[in-house]
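Colleague: Need the 3D shape of this:
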Amino acid sequence: MNILCIASYFKGTTFMEACHRLGHRVFLLTAEKLRDEAWPRDALEDLFFFPGDEDTWKREDLVAGVSYLARSIRFDRIVPLDDFDLEKAAFLREHLRVPGMGDTRTRYFRDKLAMRTQAREHGIPVPEFVHVLNDDEIRRFTETVPPPWVLKPRSSASAAGIKKVRSAEQLWKAIEKLGDERSFFLLERFIPGDIYHVDCVVFDERVVFARAHRYLVPPLRVAHEGGIFATANLPYDAPEEAPLLAMNEAVIGAMGLRAGVSHTEFIRAGEGSLFFLETSARVGGAHIAEMLEASSGVNLWAEWARIETLPEGETYTLPEIRRDHAGVIISLARQERPDLSAYDDPEIVWRMEKPFHAGLIVCAPDHDRVQALLHSYIERFYRDFFATAPALDKPNS
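Modeller: Sure thing, here's the model as predicted:
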């Protein structure tokens, strides 16, 4: 197959290498500013660079450019490697008639309003929400749903661009500031509680592998109050594991993901109620894939490549699965090259190598050991490395 990968950020190298090992021809379209990143050039047939940031990529220019390439390359698959590339891949598939998710289904994995509406229609619990469109509906929402609320962009990723508002007066000021962009936002009841994520592999419209995790600190707090990112898989006998996996299957079915991988987030309120927050048709960010591989032996990027290129009619089989425990911790760092040499526990299986970042993945047979290491590292990271930056309106990686 000829596979065109689209990457607005430097990620997905494992996917491209896996496709190459499987005997396929891989092409990459990315931003000009990413030209010098460590792309797996030995695995690529060619690289194509689009000028400017991904925000400046116009649909008509992208269609024209890829259509020109298609004069000499028959693309069999178009694969987005990041959340921000899903719509690009969808409309290119529609235009070139390449198999895969089109515009409508892609919205369920990209548009927070569309995915919440779809989930609610399928009986999946979601926090109360309203489209930031009609003044009367917004007013009714604020009169019936107590604050605080969260104002969310419909098509961002992670906690980027999300703002917590604590009064109707503050809300209307924020909406006025949005101007004509307000229809691209939704308002949602803020529910305090633990945030979970389920990362899974889907084939033939079924979840064939899934693992549940809990963030040690909610991502919204990390993004807006400054903090250290950390997450780890749940104990395999945890009481919340089965409900999380069941709701994840319901979400995947409601959104119509037929094959691929997904990262889906949930919140468990103080009284124990579970709510769906958002989903995606991609590998989770923040090196969750590496953490999941450490605990299970399943590399989501590689399995996605296998599924994406599987000949029609063939059955997908999972690799052998382990049931270890793993966790990841990541922080912005004051130092350009943080020195992690003092972190020498034998459970460390991965070290982050990125300027002004410190990160580790730990793996052990015992869940309590992983939790103990992560909590101790959080304290040490604050002392040794931690730096903070203003919350971004969109992710930077």
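Colleague: And the contacts of the strand or helix carrying Phe27?
Modeller: Assigned by DSSP states H and E, Phe27 belongs to strand 25-31. Under the criterion C-beta atoms under 8 Å, 6 or more residues apart in numbering, residues 1-8, 10, 16, 19-20, 37, 39, 43-50, 52-54, 65-66, 69, 73, 75 lie in contact with strand 25-31. For glycine as for every other residue, the C-beta is placed from the backbone atoms N, C-alpha and C.
Colleague: hmm, 6 Å instead?
Modeller: 2-7, 16, 19-20, 43-48, 50, 54 (C-beta atoms under 6 Å, 6 or more residues apart in numbering).
Colleague: Give me the buried subset of the residues you listed.
Modeller: 2-7, 16, 19-20, 43-44, 50, 54 (16 or more other C-beta atoms under 10 Å).
Colleague: Closest to Asp103 out of the residues you listed?
Modeller: Distances from Asp103 to those, taken as C-beta to C-beta, are shortest for Ile6 (15.1 Å).
Colleague: can you tell me how far that closest one sits from Leu318?
Modeller: 27 Å (C-beta to C-beta, to the nearest Å).
Colleague: likewise Phe276?
Modeller: From Phe276 to Leu318 the distance is 25 Å (C-beta to C-beta).
Colleague: Looking at the two, which is more packed in?
Modeller: Phe276 (23 against 14; other C-beta atoms under 10 Å).
Colleague: Tell me if I'm right that that one and Gln118 touch.
Modeller: No - in this structure, Phe276 is not within contact of Gln118 by C-beta atoms under 6 Å, at 10.0 Å.
Colleague: Which pair of the buried ones among the contacts of strand 25-31 spans the longest distance?
Modeller: Applying C-beta to C-beta across the buried ones among the contacts of strand 25-31, the maximum distance is between His20 and Glu54, 24.2 Å.
Colleague: quick one: secondary structure of Arg120?
Modeller: helix (DSSP: H, G, I helix; E, B strand; the rest coil).
Colleague: Kindly state the pLDDT recorded for it?
Modeller: Note on Arg120: pLDDT of 98.
Colleague: Just to check, it is in contact with Val126?
Modeller: Yes - with contacts counted by C-beta under 6 Å, Arg120 reaches Val126, the gap being 5.5 Å.
Colleague: Among these two, which residue is more densely surrounded?
Modeller: Val126 (18 against 15).
Colleague: Quick check on the more buried one: phi, psi?
Modeller: Torsion angles at Val126 (phi, psi; degrees, to the nearest 10) stand at phi -140, psi 150.
Colleague: so how far is Val207 from it?
Modeller: Taking C-beta to C-beta as the measure, Val126 falls 19 Å from Val207.
Colleague: now do Ser183
Modeller: To Val207, Ser183 is 33 Å away according to C-beta to C-beta.
Colleague: Show me which of these two is the more surrounded one.
Modeller: With neighbours defined as other C-beta under 10 Å, Ser183 and Val207 compare such that Val207 has more, 20 against 13.
Colleague: Who are the contact partners of the more buried one?
Modeller: Per C-beta under 6 Å, 6+ apart, neighbours of Val207: Cys200, Glu249, Ile252.
Colleague: try Ile330
Modeller: So Ile330 contacts Phe229, Ala286, Gly359 (C-beta under 6 Å, 6+ apart).
Colleague: Tell me if I am right that it is in a helix.
Modeller: No - counting by three-state DSSP, one finds Ile330 to be strand, located in no helix.
Colleague: Which secondary structure element is home to the closest residue in space to it that isn't next to it in sequence?
Modeller: Leaving aside its sequence neighbours, Ile330 sits nearest to Gly359 (C-beta to C-beta, 6 or more residues apart in numbering; 3.9 Å). In the assignment (DSSP H and E), Gly359 maps to strand 357-364.
Colleague: Local confidence estimate at the residue positioned nearest the centre of the chain?
Modeller: The centre of the chain sits closest to Gly284, judged by C-alpha atoms, centre = their mean, with a distance of 3.8 Å. We have a pLDDT of 94 for Gly284.
Colleague: for it, phi and psi?
Modeller: Phi and psi for Gly284, reported as degrees, to the nearest 10, are phi -60, psi 150.
Colleague: and the gap between Ser167 and Lys173?
Modeller: Distance, Ser167 to Lys173, by C-beta to C-beta: 10 Å.
Colleague: scratch that, Arg221 is what I was asking about
Modeller: 23 Å.
Colleague: the more surrounded of the two?
Modeller: Comparing Arg221 with Lys173 by other C-beta under 10 Å, the one with more neighbours is Arg221, at 14 against 11.
Colleague: and the nearest residue to Ile175 once chain neighbours are set aside, how many residues sit next to it?
Modeller: Once flanking residues are discounted, Ile175 sits nearest to Arg182: 5.5 Å by C-beta to C-beta, 6+ apart. Close neighbours of Arg182, defined as other C-beta under 10 Å, add up to 16.
Colleague: Return the set of residues that bridge with His263.
Modeller: Here His263 sits in beta bridges with Asp199, going by DSSP bridges.
Colleague: ok, it - how many residues close by?
Modeller: When neighbours are defined as other C-beta under 10 Å, His263 has 25 of them.
Colleague: before we move on, what about Arg211?
Modeller: Neighbours of Arg211 under the rule other C-beta under 10 Å: 24.
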